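Visitor: I would like to see how this sequence folds:
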Amino acid sequence: MSTTDLAPALRGAGLRVTRPRLAVLGLLQENPHADAAQVVALARRRADGISVQGVYDVLSVLCGAGLVRRIQPAHAVARYELDLGDNHHHVVCRSCDVLVDVPCAVGSAPCLDPAPALSVGFDVDEAEVIYWGLCPDCRPDPSAARMSTTTKEKV
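Guide: The predicted model follows:
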């Protein structure tokens, strides 16, 4: 979705085009995976006069309309991104909380088979894959670990 597509995207979702909505969509386009505090700070700079509650209301409306996706990794703050329908997953660093897009595990939707949930009466409308690990910046340097074990004093 390009910057020029933001207003038509709002109209296409049956929403009025407002400065706060355009501000939030635009900043998420430039800052994917922003958390709520980042969205509030950036949106308040773009849409002068918007309140903190106003930003949360806009996020809620945009998520409900399917224009924005809320990503809620376990034990981490919620992040937001434009919902482009591009079928990707996320990987989160356990150390620094960086969140990165990764391609779909199987290449196409659905990535997960909802049959087990359907068999117990659930109506599944979403499935999410989040990988967890250490990013390259947080992962210990294997050569440093080898050096520390070879330079330790023997007792």
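
Visitor: Against Ala105, how distant is the residue nearest to Ala74 when sequence neighbours are not counted?
Guide: Nearest residue to Ala74 in three dimensions, chain neighbours excluded: Ile130, at 7.8 Å (C-beta to C-beta, 6 or more residues apart in numbering). For glycine as for every other residue, the C-beta is placed from the backbone atoms N, C-alpha and C. Separation of Ile130 from Ala105 (C-beta to C-beta, to the nearest Å) stands at 11 Å.

Visitor: ok, the two, which is more surrounded?
Guide: Between Ile130 and Ala105, Ile130 has the larger neighbour count (other C-beta atoms under 10 Å), namely 15 against 11.

Visitor: Give the buried residues for stretch 21-35.
Guide: 21-29, 32-35 (16 or more other C-beta atoms under 10 Å).

Visitor: just to confirm, which helix or strand has Val124 in it?
Guide: Assigned by DSSP states H and E, Val124 falls within no helix or strand.

Visitor: Let me see the contact set for it.
Guide: Taking C-beta atoms under 8 Å, 6 or more residues apart in numbering, we find Val124 in contact with Pro114, Ala117, Leu118.

Visitor: Just give me the neighbour total for the last one.
Guide: Looking back up the chat, that one is Leu118. Neighbours of Leu118 using other C-beta under 10 Å come to 11.
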